[in-house]
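*Asks:* Predicted model, plus sequence, below.
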Amino acid sequence: MKSKITLYSDKELIEQIKQYAKEQKISVSQLVNNFFETILIDRRSNKNFKNSKITNSLEGVLKGAKIDIDNYKKYLEKKYL
């Protein structure tokens, strides 16, 4: 079941994320969902979630990256399933 969420952020950041999502041919909603899923996967595999190195290291990691979402999903499935 899908549900709606409202997020507030800096206008410039939102525009940059919209552009990034467009370049990746995915919606902003899917981009946010992928991020949330990554956090939850990290949480399940890391008991000390508050100090998670992988979550902290994500800041800025995709800047300028050309990532194919299907390849990323396959990577996560292979790694965690």
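*Replies:* Looks like it arrived, so ask away.
*Asks:* What is the longest helix of the protein by residue count?
*Replies:* helix 28-45 (DSSP state H).
*Asks:* If you count neighbours, what's buried in it?
*Replies:* Leu31, Asn34 (16 or more other CB atoms under 10 Å). Quick note: C-beta positions are derived from backbone N, CA and C, even for glycine.
*Asks:* How far does that helix sit from its chain's centre?
*Replies:* With CA atoms, centre = their mean, to the nearest Å as the basis, helix 28-45 stands 5 Å off its chain's centre.
*Asks:* Out of the helices and strands in the protein, which is least certain?
*Replies:* When the helices and strands of the chain are compared on mean pLDDT, DSSP states H and E, helix 53-57 comes out lowest with a mean of 68.
*Asks:* Determine the set of other helices and strands touching the longest helix of the chain.
*Replies:* With contacts taken as 3 or more CB pairs under 8 Å, 6 or more residues apart in numbering; DSSP states H and E, helix 28-45 sits against helix 11-24, helix 53-57, helix 69-80.
*Asks:* let's go with 7 Å and repeat that
*Replies:* helix 11-24, helix 53-57 (3 or more CB pairs under 7 Å, 6 or more residues apart in numbering; DSSP states H and E).
*Asks:* just for the chain, where's the confidence low?
*Replies:* Applying pLDDT under 70 to the chain flags the ranges 46-57, 59, 61-62, 65.
*Asks:* if you set the cut-off to 80 instead, what comes out?
*Replies:* 42-69, 71 (pLDDT under 80).
*Asks:* how far away is Phe35 from Lys74?
*Replies:* 18 Å (CB to CB, to the nearest Å).
*Asks:* how about CSV for the helices and strands packed on helix 28-45, with distance to Leu40 added?
*Replies:* Shown next, in CSV, are the helices and strands packed on helix 28-45 (distance: least, CB to CB, whole Å):
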stretch, distance to Leu40
helix 11-24, 20
helix 53-57, 11
